[in-house]
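Asker: I would like to see how this sequence folds:
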Amino acid sequence: MEYDDESIDIKSYVRILRRRWLPATAVFATVVTLTALATFLQKSVFQAEGTLQLKEVGGASTSDIDIKGIGGLEALSASSNPIATEAEILRSAPIVQQTISTLKLQDANGQPIEPDTFIQALTVTNIKNTDILNVAYKSLDPQEAVEVVNQLMQDYRASNITNNRAEAASARKYIEQQVPLVTAKLRRLDLALRRFKEENGITDLKEEARVQAEVTGQQQTEFSRIQSEMVKASTRSQALRDKLGMTTEEARQVNDLSQSPGVQKLLEESQANEVLLAEARTLYGPNHPNVLTLLDRQTELQSLLSRQVGQVVNNTTSQPLRNLQAGQSTQQLTDALVEAEVERLGLEQQAIALTKNQNTYKRNQKFLPRLEQQLVAIERDQLVAHTTYEGLLKALQQIQISENQNIGNVRIVAAASLPKTPIAPRKAFNLAVGLLFGSLLGIGTALLLEALDTSIKTVQEAKDTFQYTVLGNIPFLKDAEKVSRKGLDRPTPDLIVRDNPRSSVSESYRMLQANLKFLSSDHQVQVFVITSSIPKEGKSTVVANLALALVELGNRVLVIDADLRRPSQHQVWELPNTVGLSNVLVEKRGWLDAVREEDDNLDILTAGVIPPNPVPLIDSHHMAVLLEEFHQAYDYVLIDSPPLAVAADALLLGKMTDGILLVTRPGLVDSGSAQSSKETLEKSGQKVLGLVINGVIPENEPDSYYYYYAKDYYGEDETEQASTPKKKVKKKANS
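Answerer: Predicted coordinates:
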């Protein structure tokens with residue numbers, strides 16, 4: 001079946017528990033009983049407790065020293081918890097074994113207890129937000145628990161002191177080995193620093209850089225000034241050259257020749273000889289000996305003058321006469337030109353020298369960062385070595401003090417005291433847990449069984465499965481199936497309509513007969529088959545009580561037991577089954593001889609002798625003729641047939657009658673059988689009159705208010721009176 005999740009509520013679970021109360025109660029009782037037995041049979045367990053305080057060791061260790069390049073130690077994990085570490089050390093096998101040996105702890109066989117057994121009884125916890133460990137030990141002997149806790153704390157404290165002493169000694173030896181190494185390294189770094197400064201001519205690298213920066217700035221200023229003076233000198237020199245009409249070299253030569261005595265003397269002699277030559281030519285003519293003598297003299301003087309000029313100006317080229325002797329103004333201008341040119345040349349030399357000097361400083365400035373990097377590296381290594389050296393000396397002093405003190409980092413805050421009350425068993429707590437766990441397990445068992453149970457459990461599930469019109473809901477009749485007859489292998493149902501006519505069950509059968517009457521307004525249902533999906537769904541009970549309900553209205557009713565495999569109507573009515581339906585069909589005798597009169601308007605046709613194969617008898621022309629005769633003789637004919645899962649008798653009879661009335665019982669039939677029955681009816685083309693839901697338990701139904709009890713309507717006294725069984729009035733049956 002499929003369930004709508006929205007329809008499942010608390011009431012649904014309550015109904016499940018009502019249906020499954022027996023296994024749920026059994027599980028609950030079992031759990032509670034076992035819990036109680038385990039609690040009350042358990043021996044008393046005592047627990048002694050002591051506390052330890054952990055503190056830092058008053059000294060140094062190798063883990064406190066960071067020695068670059070010498071093998072410094074680092075922490076294994078940043079998230080490690082020292083308190084938890086000490087707790088594990090306290091629980092370690094060496095300390096536990098020491099305590100076992102000291103106290104001579106033994107098991108039930110007289111053998112020393114195993115460390116694992118000891119540790120199972122030991123509990124070491126860190127008190128929250130403190131550096132205190134709580135040490136607890138459980139034992140059946142309270143005195144033993146106290147001794148174990150106190151001895152364990154003493155052993156742990158002694159081990160802690162020993163370990164601290166060993167660690168301090170190891171650290172001291174390590175530091176003593178490292179001090180000479182660090183000292184030698186520091187000396188090497190001091191020597192390297194001194195050599196570096198000597199090789200690079202550095203006393204103070206920062207001051208050197210500052211001075212070079214200042215000098216570079218001054219040189220740049222001086223270079224700018226010299227360039228300005230050079231421009232001025234070049235301008236003045238150009239102006240003088242333009243005014244003299246000569247180059248600077250020519251002006252220098254003029255200046256040199258004007259100041260040369262030899263040149264000037266020869267120049268004066270040459271000029272005087274030219275005067276005499278001019279006079280002689282005037283007086284004597286060109287070929288006169290005096291003229292020729294003066295010409296030779298003039299040539300000689302010119303040659304001497306040229307050699308003298310060449311010697312003065314280092315130039316063999318003959319100089320014009322105007323260049324050999326300058327006037328006063330020309331001399332001044334040439335002097336000024338020479339001075340301007342000398343000044344310009346001097347400024348150029350200064351600029352060149354200053355440029356070279358600047359380039360030298362720039363090259364030095366490029367090397368300064370590299371020198372500074374090397375110097376910083378040496379100084380950093382020197383500082384690290386110096387710091388390490390000081391740290392080693394300080395740590396050595398601290399470790400020597402710590403080693404001499406030898407006090408450890410553990411203090412016993414409170415020794416264990418004798419426990420007065422046991423910690424186990426906690427009877428109230430255990431029983432409460434047992435009750436809770438038993439309840440949960442019982443409820444879980446009920447829900448599990450409900451989930452595994454595929455049977456149809458409620459009226460609504462039956463409706464959803466069969467999808468037939470529900471003609472009647474027959475409430476569950478308590479103790480109905482407990483009535484048994486001697487010699488029968490199964491209980492027989494009660495005739496509740498006859499025995500308790502004013503009960504709710506009787507009213508349900510009357511409602512069923514009313515619904516049958518109003519099934520069709522144009523054709524009354526008179527002959528119909530009553531069957532079920534599987535056995536034990538109560539179809540025979542429905543047949544008998546429905547017949548009684550129809551008889552109450554004055555109808556002539558015939559009940560036919562067509563279950564020729566396992567008949568039951570003769571048991572219901574307490575009739576003999578020697579002659580019945582099978583005899584009529586086989587012997588083809590008159591049916592009046594086989595019918596037993598139960599009441600004025602009620603006749604019973606039992607099954608008779610059980611045949612080897614009932615199907616040919618049921619599916620015969622004689623059976624169809626009988627049913628037609630019964631239809632003419634009675635107002636209603638109710639045929640009790642085998643279940644659909646057992647035989648096809650109901651299907652064969654359904655084709656000969658007005659239809660089939662299907663009986664189902666929640667809690668008995670499973671959904672698979674029900675679905676199979678529905679498919680069988682549909683495939684065979686049966687006319688299903690409707691569905692009768694038998695054995696309905698109102699407490700299991702979500703809509704239980706549809707059902708009522710007779711005492712709620714008639715009153716308690718009337719119900720009790722009506723429930724008294726009536727004496728059966730029975731006429732003599734036809735033989």
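Asker: Arg281 - how many residues pack around it?
Answerer: Other residues lying near Arg281 total 16 when counted by other Cβ atoms under 10 Å. C-beta: built from backbone N, CA, C; applies to glycine.
Asker: how about the helix or strand hosting it as PDB, C-alpha atoms only?
Answerer: With secondary structure defined by DSSP states H and E, Arg281 is part of helix 261-283. Listed next in PDB are the C-alpha coordinates belonging to helix 261-283 (Å, rounded to 0.1, in the frame of the first residue of the first chain):
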ATOM      1  CA  PRO A 261     113.500  91.900 -31.400                       C
ATOM      2  CA  GLY A 262     115.300  90.000 -34.100                       C
ATOM      3  CA  VAL A 263     112.300  90.100 -36.400                       C
ATOM      4  CA  GLN A 264     111.700  93.800 -35.700                       C
ATOM      5  CA  LYS A 265     115.500  94.600 -36.300                       C
ATOM      6  CA  LEU A 266     115.600  92.800 -39.600                       C
ATOM      7  CA  LEU A 267     112.300  94.400 -40.500                       C
ATOM      8  CA  GLU A 268     113.700  97.800 -39.700                       C
ATOM      9  CA  GLU A 269     116.800  97.100 -41.800                       C
ATOM     10  CA  SER A 270     114.700  95.800 -44.600                       C
ATOM     11  CA  GLN A 271     112.500  98.800 -44.500                       C
ATOM     12  CA  ALA A 272     115.600 101.200 -44.500                       C
ATOM     13  CA  ASN A 273     117.200  99.200 -47.400                       C
ATOM     14  CA  GLU A 274     113.900  99.600 -49.400                       C
ATOM     15  CA  VAL A 275     114.100 103.300 -48.800                       C
ATOM     16  CA  LEU A 276     117.700 103.500 -50.100                       C
ATOM     17  CA  LEU A 277     116.800 101.200 -53.000                       C
ATOM     18  CA  ALA A 278     113.900 103.500 -54.000                       C
ATOM     19  CA  GLU A 279     116.200 106.500 -53.900                       C
ATOM     20  CA  ALA A 280     119.000 104.700 -55.800                       C
ATOM     21  CA  ARG A 281     116.600 103.700 -58.600                       C
ATOM     22  CA  THR A 282     115.500 107.300 -58.800                       C
ATOM     23  CA  LEU A 283     119.000 108.600 -59.000                       C
END
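Asker: elements contacting it?
Answerer: Helix 261-283 makes packing contacts with helix 248-258, helix 289-313, helix 321-324 when contacts are defined by 3 or more Cβ pairs under 8 Å, 6 or more residues apart in numbering; DSSP states H and E.
Asker: touching, Leu516 and Gln526? I think so.
Answerer: No. Under the criterion of Cβ atoms under 8 Å, Leu516 makes no contact with Gln526, lying 9.8 Å away.
Asker: so between those two, which is more surrounded?
Answerer: Neighbour totals were compared for Leu516 and Gln526, and Leu516 leads with 25 against 18 (other Cβ under 10 Å).
Asker: which residue is the nearest non-sequential neighbour of the more buried one?
Answerer: Counting by Cβ to Cβ, 6 or more residues apart in numbering, the nearest residue to Leu516 once its immediate chain neighbours are dropped is Val525, at 5.8 Å.
Asker: just to revisit the earlier point, okay, buried residues for the helix holding Arg281 please.
Answerer: Val263, Leu266, Leu267, Glu269, Ser270, Asn273, Leu277, Ala280, Arg281 (16 or more other Cβ atoms under 10 Å).
Asker: ok, the fourth one to Leu276 distance?
Answerer: Taken as Cβ to Cβ, to the nearest Å, the spacing of Glu269 relative to Leu276 amounts to 10 Å.
Asker: endpoints of stretch 414-421, how far apart?
Answerer: With Cα to Cα, to the nearest Å as the measure, the first residue of stretch 414-421 is 19 Å from its last.
Asker: what does it contact?
Answerer: Contacts made with stretch 414-421 from outside it, assessed by Cβ atoms under 8 Å, 6 or more residues apart in numbering, are listed as 46-51, 135, 137, 142-143, 145-146, 149-150, 153.
Asker: let's see that with 10 Å instead.
Answerer: Outside stretch 414-421, the residues that touch it by Cβ atoms under 10 Å, 6 or more residues apart in numbering are 44-53, 132, 134-139, 142-143, 145-154.
Asker: follow-up on the earlier one: so the residue nearest to Leu516 sits against Val688, correct?
Answerer: No. Using Cβ atoms under 10 Å, Val525 makes no contact with Val688, being 11.7 Å away.
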